[in-house]
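> Would you be able to build a 3D model of this:
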Amino acid sequence: MSEKFEAKKGAPTLQAAAQKQEDALRSLPHAIDTEKSLLSTMLQDPVEFIGFSQEQALLPKHFYHPAHQTLFKFILELYEKNEPIELISLTQKLMDRGDLENIGGAGVLTEIFTYQPTAAHFPHHLEMVKDKHVLRSVITSCTDSIGQAYDGPEDVAIFLDQVEEQVLEIRNQNETNEETSINDAMKQVMTNLQDMILGKGTIGIKTGYQELDRMSGGLKPSEMFIIAARPSMGKTSFMMNLVEHVCLDQGLPAMVFSCEMSTPQIVERLLYSRSRYKSQDLKNGLKPTKADLQRIKRSSEEILNAKLFIDDTASITINDLRAKARRKKRDENIQLIAVDYLQLMRSHSAQAANSREREVAEISSGLKAIAKELEIPVIVLAQLNRGPESRGGTPRMSDLRESGSIEQDADLVGLLYRSSYYQEKSEGAGSDDNQEAPPEDDGKAELLLAKNRNGETGSVPLTFIKELMRFENRAFDHE
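Numbers count the residues shown, from 1 in each chain. Below you'll find the predicted structure:
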């Protein structure tokens, strides 16, 4: 009895060992020729296809052949450094690094370079390579899970959660966020609206704020403009007011990278602000008047006709942003980039892996490099730490969160400040120590231009219309 029992007890383990040996004899899913096709196309037209591959989040790990992984890594390095990618220099640089033999030698590199696939099939081939990687990931994950299941985990519920998490991680890594069409976003905003009704003198690009234009000379090519403030101060509203003036009033193509808000949310805010319609009225049950609807219709047409491009990829990496910006600069000749906001971006470099400060520094320098490369202004929102609260709300450049390199890389640093913001916070907390703000301070705001590499610094007086989420020009106070 005991021998039979032991045999039965050991049967699953023997079966698993046999299955594992059988699986080892079977090669994992791969497409070597397709990988070769991708690399050949990228080598022959780096600007077009390496940028596209980055937009589609193609990574070295997606390649099955180790030589192809090595070559793709090296191609990306050259591309990021804007160095030429051609056969002779590529061979020499690989040889200098000692990697030429790792890819099979000069003969293999020449074979890949001259493979000459049809470039029109590049997107299809890219998806095939990524699909094979997904299948390999599933096999690896499931094999590990089978082994753990045979070992008998102590807590089956926790083990099941881990298996589920691994599978979901495969899906998340394989998904690529696409740029949302402005037309689709506008349709969604107008549909929501209908449902609710039924139930000059500057060198650079003008901002629309006279004092800011006078002090800065406008938004100039290759400059990075940091707009920093505490949460809920109105950073996104101010940024979109700038984008609105550049894109809608001046007719210049612009691109917004939003890590925090979705494209429909941004378009909705832009529509109501542009048409000067208080969306809160809808929530309060008030229907828009005929004049309101006319303004909304006119503003929606202006937005639809504008060359405004929005990418709402959450936690976008600096490399992905660079690739998408390069493509839009080439295809649409964008004249402005706006990023909301810096601390929500990511860098996947080895140096940034263990240091958040280093990561932020790489993102900051990367954004400045994009401005210089594309020769257009880049507006970047950033968070301030809690320093202003300890000083009654007055912000300083030293309050920039997580990295002093932001201050170093920026050409302009504007600190957005509203005195009524702190009054609202204190009232919400039920404080009796603060007196009520005088009526003349309601809506009073200013942009403290704390750094201006090519001009003067000082205060830009603004008025914040909270109901419209809109900043407008305000005359200086004369005491």
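> Going by C-alpha atoms from here, please, whenever you check contacts or count neighbours.
Fine.
> can you tell me which helix in the chain is longest?
Ranked by residue count under DSSP state H, the longest helix found in the chain is helix 122-151.
> Check which helices and strands that helix sits against.
helix 2-25, helix 32-44, helix 156-174 (3 or more Cα pairs under 8 Å, 6 or more residues apart in numbering; DSSP states H and E).
> same thing but at 7 Å, please
Using 3 or more Cα pairs under 7 Å, 6 or more residues apart in numbering; DSSP states H and E, the elements in contact with helix 122-151 are helix 32-44, helix 156-174.
> could you pull out the strands for the stretch 351-479 of the chain?
378-383, 412-418, 444-452, 458-465, 470-473 (DSSP state E, counting those that start in this stretch).
> Turn those into TSV, including mean neighbour count and distance to Glu101.
What follows is the strands of the stretch 351-479 of the chain, written out as TSV (neighbours: other Cα atoms under 10 Å; distance: least, Cα to Cα, whole Å):
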stretch	mean neighbour count	distance to Glu101
strand 378-383	25	42
strand 412-418	25	48
strand 444-452	21	51
strand 458-465	20	59
strand 470-473	20	60
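> is it possible to export the helices and strands packed on helix 122-151 to a markdown table including distance to Asn354?
Formatted as a markdown table, the helices and strands packed on helix 122-151 follow (distance: least, Cα to Cα, whole Å):
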| stretch | distance to Asn354 |
| --- | --- |
| helix 32-44 | 31 |
| helix 156-174 | 21 |
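> Lowest average confidence across those helices, which one?
If you rank the helices and strands packed on helix 122-151 by mean pLDDT, helix 156-174 sits at the bottom with a mean of 72.
> Which element is encountered next along the chain beyond that one?
Per DSSP states H and E, the first helix or strand lying C-terminal to helix 156-174 is helix 182-198.
> excluding its backbone neighbours, what's nearest Arg274?
Among residues not flanking Arg274 along the chain, Ser299 sits closest, at 6.2 Å (Cα to Cα, 6 or more residues apart in numbering).
> just to revisit the earlier point, most tightly packed of the helices and strands packed on helix 122-151?
Ranked by mean neighbour count under mean count of other Cα atoms under 10 Å, the helices and strands packed on helix 122-151 are led by helix 32-44, which reaches a mean of 21.
> what's the offset of that one from the middle of its chain?
Centroid separation between helix 32-44 and its chain, computed with Cα atoms, centre = their mean, to the nearest Å, is 28 Å.
> hmm, back to that, would you mind giving the strands of the stretch 351-479 of the chain as TSV with distance to Lys132 and mean pLDDT added?
As requested, those are exported to TSV (distance: least, Cα to Cα, whole Å; pLDDT from 0 to 100):
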stretch	distance to Lys132	mean pLDDT
strand 378-383	38	92
strand 412-418	46	89
strand 444-452	50	89
strand 458-465	53	89
strand 470-473	49	88
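> Now render the ones you listed as a markdown table, adding distance to Ala325.
As requested, the strands of the stretch 351-479 of the chain are exported to a markdown table (distance: least, Cα to Cα, whole Å):
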| stretch | distance to Ala325 |
| --- | --- |
| strand 378-383 | 11 |
| strand 412-418 | 21 |
| strand 444-452 | 25 |
| strand 458-465 | 30 |
| strand 470-473 | 27 |
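> Quick one, which of those gets closest to Pro395.
strand 412-418 (6.5 Å; Cα to Cα).
> Extract the C-alpha set from the closest one and format it as PDB.
Provided in PDB are the C-alpha atoms of strand 412-418 (Å, rounded to 0.1, in the frame of the first residue of the first chain):
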ATOM      1  CA  LEU A 412      12.200  80.800 -18.000                       C
ATOM      2  CA  VAL A 413      10.700  79.900 -14.700                       C
ATOM      3  CA  GLY A 414       7.200  81.300 -13.900                       C
ATOM      4  CA  LEU A 415       5.700  80.700 -10.400                       C
ATOM      5  CA  LEU A 416       1.900  80.900 -10.500                       C
ATOM      6  CA  TYR A 417       0.400  82.400  -7.400                       C
ATOM      7  CA  ARG A 418      -3.200  83.300  -6.200                       C
END
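> Would you agree Glu467 is in contact with Lys278?
Yes. If you go by Cα atoms under 7 Å, Glu467 and Lys278 touch, sitting 5.7 Å apart.
> Give me the common contacts of the two.
Residues touching both Glu467 and Lys278 (Cα atoms under 7 Å, 6 or more residues apart in numbering): there are none.
> if we can go back for a sec, list the buried ones in the longest helix of the chain?
Using 16 or more other Cα atoms under 10 Å as the test for burial, helix 122-151 gives 122, 125-126, 128-134, 136-138, 145.
> which residues of the stretch 151-300 of the chain score low on pLDDT?
157, 161, 168, 171-181, 192, 195-196, 198-203 (pLDDT under 70).
> change it to 50
Along the stretch 151-300 of the chain, the parts satisfying pLDDT under 50 run over 200-201.
> center of this protein, which residue is that?
With distances taken as Cα atoms, centre = their mean, Ile316 lies nearest the centre of the chain, 3.1 Å away.
> Distance of that residue relative to Glu165?
Distance, Ile316 to Glu165, using Cα to Cα, to the nearest Å: 22 Å.
> How far does the longest helix of the chain sit from its chain's centre?
Taking Cα atoms, centre = their mean, one finds helix 122-151 lying 27 Å from the centre of the chain it belongs to.
> my guess is Leu242 meets Thr207, correct?
Yes. Between Leu242 and Thr207 there is a contact under Cα under 7 Å: 5.5 Å.
> more crowded one of those two?
Using other Cα atoms under 10 Å, the more surrounded residue of Leu242 and Thr207 is Thr207, with 23 against 20.
> so how far is the first residue of stretch 447-466 from its last?
16 Å.
> Dihedrals phi and psi, Gly208?
Phi and psi for Gly208, reported as degrees, to the nearest 10, are phi 90, psi -10.
> quick one: contacts for it?
By Cα under 7 Å, 6+ apart, the neighbours of Gly208 are His245.
> now do Gly204
Contacts of Gly204 (Cα under 7 Å, 6+ apart): Gly217, Gly218, Leu219, Lys220.
> please redo it, this time with the cut-off set to 8 Å
Gly217, Gly218, Leu219, Lys220, Pro221 (Cα atoms under 8 Å, 6 or more residues apart in numbering).
> And for Ile376, the neighbour number?
Ile376, neighbours per other Cα under 10 Å, totals 24.
> please begin residue numbering at 49 from this point
Got it, the first residue is 49 from now on, which makes the last one we talked about Ile424.
> Was I right to think it contacts Ile253?
No. Assessed by Cα atoms under 8 Å, Ile424 is found out of contact with Ile253, at 9.7 Å.
> Quickly list what's touching both of those two.
By Cα under 8 Å, 6+ apart, Ile424 and Ile253 have these common neighbours: Lys268.
> Could you report the pLDDT at the residue nearest to the centre of the chain?
Ile364 is given a pLDDT of 87.
> The residue lying closest to it once chain neighbours are set aside: neighbour count?
Excluding the flanking residues, the one nearest Ile364 by Cα to Cα, 6+ apart is Met393, at 5.3 Å. Using other Cα under 10 Å, Met393 has 22 neighbouring residues.
> what about Met393, distance to Ser264?
For Met393 relative to Ser264 (Cα to Cα), the value is 27 Å.
> next one: Thr139
The gap separating Thr139 from Ser264 is 47 Å, by Cα to Cα.
> Please say which of those two ends up with more neighbours.
Neighbour comparison, Thr139 and Ser264: the larger count goes to Ser264, with 25 against 18 (by other Cα under 10 Å).
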